[in-house]
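Asker: Sequence and predicted model, in that order:
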Amino acid sequence: MFSNVKGALIVGALSLAGAAPASAGVIFYDSFEAPETDSWAVYQSGVGDNGDWSSLGGAGIEIQNESAGVSDAYDGSQYVELDSDSKRGGVAGPTNSTMAANVGFVEGRTYDISFAYKPRTNREDDNGIRLYAYDLDGDVIEDQVLLLEVNETTSSLSNWTIFSVLYTAKSSFNAIAFEAFGKSNSLGGFIDSVKVAEVPLPAAAPLFGLGLAGLAAARRRKRARA
């Protein structure tokens, strides 16, 4: 399992002995329940629960409903396939597609970005998905960071699985994106349940900071008395 997963921890997390992990605050979530389709269709923009996703290349963003019988959804009844199709709203040309959505990144803060993934076929190099952080100006990519890529088969991974990566936001980075890679044949990996959550400092960090401040004050008083 997970034979073809590559990830990057963009920055190390602060570690304090004895500190309990703090809960993360979700700033973005999507399970692709809109636009609603009773089978499948391809869209260029306005995709997702709040219409946040737009296509940046390829045939478009294919929404599939589990009622079509291809797969179940991880959350709700719909999910995305980015090795899309030129029919039912798709654009002619290579079917491997990219979609992006703006999120509320704040420079210097760390985020846990996760998504549910499931391969569609048992062919190698056929279900690839890459996750990026983007500096996006409209539909122009000014800069990008590859965060994680996964490319499994139905033999190595038979069900939905959550993948996640930590990312510390760079200046002007404002979006996340998913890109299909591998064989461009309208059969690729599935995506669902995309979540971005801010990871706060451990609960002990403020106390640690107060301790350092107190130590510095004590040293200043000692020098003043000398």
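Answerer: Yes, it's here. Numbering: from 1, shown residues only.
Asker: Walk me through which strands the host helix or strand of residue 178 pairs with, and which way each runs.
Answerer: Assigned by DSSP states H and E, residue 178 belongs to strand 175-181. Strand 175-181 sits in its sheet next to strand 98-102 (antiparallel), strand 128-137 (antiparallel), going by DSSP bridges.
Asker: Format the ones you listed as CSV; extra columns: mean neighbour count.
Answerer: All C-beta atoms are positioned from the backbone trio N, CA, C, and that covers glycine. Output for those, formatted as CSV (neighbours: other CB atoms under 10 Å):
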stretch, mean neighbour count
strand 98-102, 22
strand 128-137, 22
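Asker: Between the ones you listed, which one is closest to residue 65.
Answerer: strand 98-102 (17.6 Å; CB to CB).
Asker: Helix or strand next in line after that closest one, which one?
Answerer: strand 110-118.
Asker: who's in contact with that next one?
Answerer: For strand 110-118, contacts defined as CB atoms under 8 Å, 6 or more residues apart in numbering pick out 11, 13, 24, 27, 71, 74-75, 79, 105, 129, 131, 133, 147, 150, 152, 157, 159-169, 176, 178, 189-199.
Asker: which parts of the strand or helix carrying residue 80 are buried?
Answerer: Residue 80 is part of strand 78-81, with elements assigned from DSSP H and E. Neighbour counts over strand 78-81 (16 or more other CB atoms under 10 Å) mark 78-81 as buried.
Asker: got it, and stretch 180-189?
Answerer: Buried, per 16+ other CB under 10 Å, within stretch 180-189: 180-184, 186-189.
Asker: Any idea how far apart the tips of it sit?
Answerer: 8 Å (CA to CA, to the nearest Å).
Asker: got the contact list for residue 123?
Answerer: Taking CB under 8 Å, 6+ apart, we find residue 123 in contact with 153, 183.
Asker: Would you mind measuring from it to residue 184?
Answerer: As for residue 123, its distance to residue 184 is 13 Å (criterion: CB to CB, to the nearest Å).
Asker: what's the answer for residue 52, then?
Answerer: Remark: distance between residue 52 and residue 184 (CB to CB) = 25 Å.
Asker: If I take the helix or strand hosting residue 162 and strand 110-118, what angle do their directions form?
Answerer: Assigned by DSSP H and E, residue 162 falls within strand 161-168. Orientation check (axes from the mean of the first three to the mean of the last three CA atoms, to 10 degrees): strand 161-168 against strand 110-118 gives 160 degrees.
Asker: Return the distance of stretch 54-62 from the chain's centre.
Answerer: Between the centre of stretch 54-62 and the centre of its host chain there is 16 Å, according to CA atoms, centre = their mean, to the nearest Å.
Asker: actually stretch 174-188, not the one I wrote
Answerer: 12 Å.
Asker: now do the same end-to-end measure for that stretch.
Answerer: In stretch 174-188, first residue to last residue: 27 Å (CA to CA).
Asker: Worst mean pLDDT across the helices and strands of the protein, which element?
Answerer: helix 205-225 (a mean of 50; mean pLDDT, DSSP states H and E).
Asker: Specify the local secondary structure of the spatially closest residue to residue 34 that is not a sequence neighbour.
Answerer: In this structure, residue 34 finds its nearest non-sequential neighbour in residue 49, 5.7 Å apart by CB to CB, 6 or more residues apart in numbering. Following DSSP: H, G, I helix; E, B strand; the rest coil, the label given to residue 49 is coil.
Asker: How many neighbouring residues does residue 127 have?
Answerer: 30 (other CB atoms under 10 Å).
Asker: about what we covered before: so which elements touch the strand holding residue 162?
Answerer: Secondary-structure packing of strand 161-168 (3 or more CB pairs under 8 Å, 6 or more residues apart in numbering; DSSP states H and E): strand 5-7, strand 110-118, strand 128-137, strand 140-150.
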